[in-house]
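A.B. asks: Would you be able to build a 3D model of this:
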Amino acid sequence: MINFDAIKRTNVTREPFQFFSTPGVLSAVDLAAARADFPVIREPGIFPLSELSYGPAFARLIDDITGLELEDIMGEQYGVDLSDKPLMVTVRGRAQEKDGRIHTDSKVKLVTCLLYLNDIWDESTGMLRLLRNPGDIEDYIAEIPPSGGTLVSFLRSDNSWHGHKPFVGERRYVMFNWMTSQAALDRELGRHRLSAKIKQLNPFASRS
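C.D. replies: Have a look, this model is predicted:
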């Protein structure tokens, strides 16, 4: 489903940190199929795949994400060896007002990727901003609408600042991260699973 050649052809911005964005990595047909088979997510937050149910088209997309071809491409884009690094895959379906706060991602993440599965994004807010510093959401290097089929990726660093202005509503993406170790992956997934179970038991907890 994923257009791997389009990702290969994308130039990586190297300063002030390494990132790139590739629109149209899914065809209109494949995007529609993946959206139709997207997991039902009624609460904000990040959910691990183990806590979700989804259809066959979305499953095929996950197969592409977890395959060796994409791992090799990402390694080549950033000049890093990811062959022995575990991959964490999580999903978001909805955003709440507190989401999008400026951060760099934790040090246990080596490479972060977001594959958006929204319709064409025509909202005036909620667009991902890659930033020059942690103190000003307006001082951005790039602003990327989270339209369906757009892939955004960056090599995590101490200055890989990013965030977005507050948005409440449907905001779909698959996030996948190559991690520093299996222990780090297990800790992060454990945290996300616990959070998902709490939301299932008490949906209002995620909004407090």
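
A.B. asks: Centre of the chain to stretch 66-80, how far?
C.D. replies: Centre-to-centre, stretch 66-80 and its host chain are 16 Å apart (C-alpha atoms, centre = their mean, to the nearest Å).

A.B. asks: ok, now stretch 43-50?
C.D. replies: Centre to centre, stretch against its chain (C-alpha atoms, centre = their mean), the figure for stretch 43-50 is 12 Å.

A.B. asks: Relative to Arg156, how far out is Gln182?
C.D. replies: To Arg156, Gln182 is 18 Å away according to C-beta to C-beta, to the nearest Å. Glycine gets a C-beta too; all of them are placed from N, C-alpha and C.

A.B. asks: who has more neighbours, those two?
C.D. replies: Ranked by neighbour count (other C-beta atoms under 10 Å), Gln182 and Arg156 place Arg156 first, with 20 against 11.

A.B. asks: can I assume the more buried one is in contact with His103?
C.D. replies: No - look at Arg156 against His103 with C-beta atoms under 8 Å: they stay out of range, at 10.5 Å.

A.B. asks: For the nearest residue in space to Leu128 that is not next to it in sequence, grab the count of nearby residues.
C.D. replies: Nearest-residue entry for Leu128: Ile144, 4.6 Å, with adjacent residues in sequence omitted and distances by C-beta to C-beta, 6 or more residues apart in numbering. Ile144 is flanked by 21 other residues according to other C-beta under 10 Å.

A.B. asks: quick thing: my sequence starts at 50, can you match it?
C.D. replies: Yep, numbering from 50; the last one is Ile193 now.

A.B. asks: Could you pull up phi and psi at Ile193?
C.D. replies: phi -120, psi 110 (degrees, to the nearest 10).

A.B. asks: Having no further points to raise, I will conclude here.
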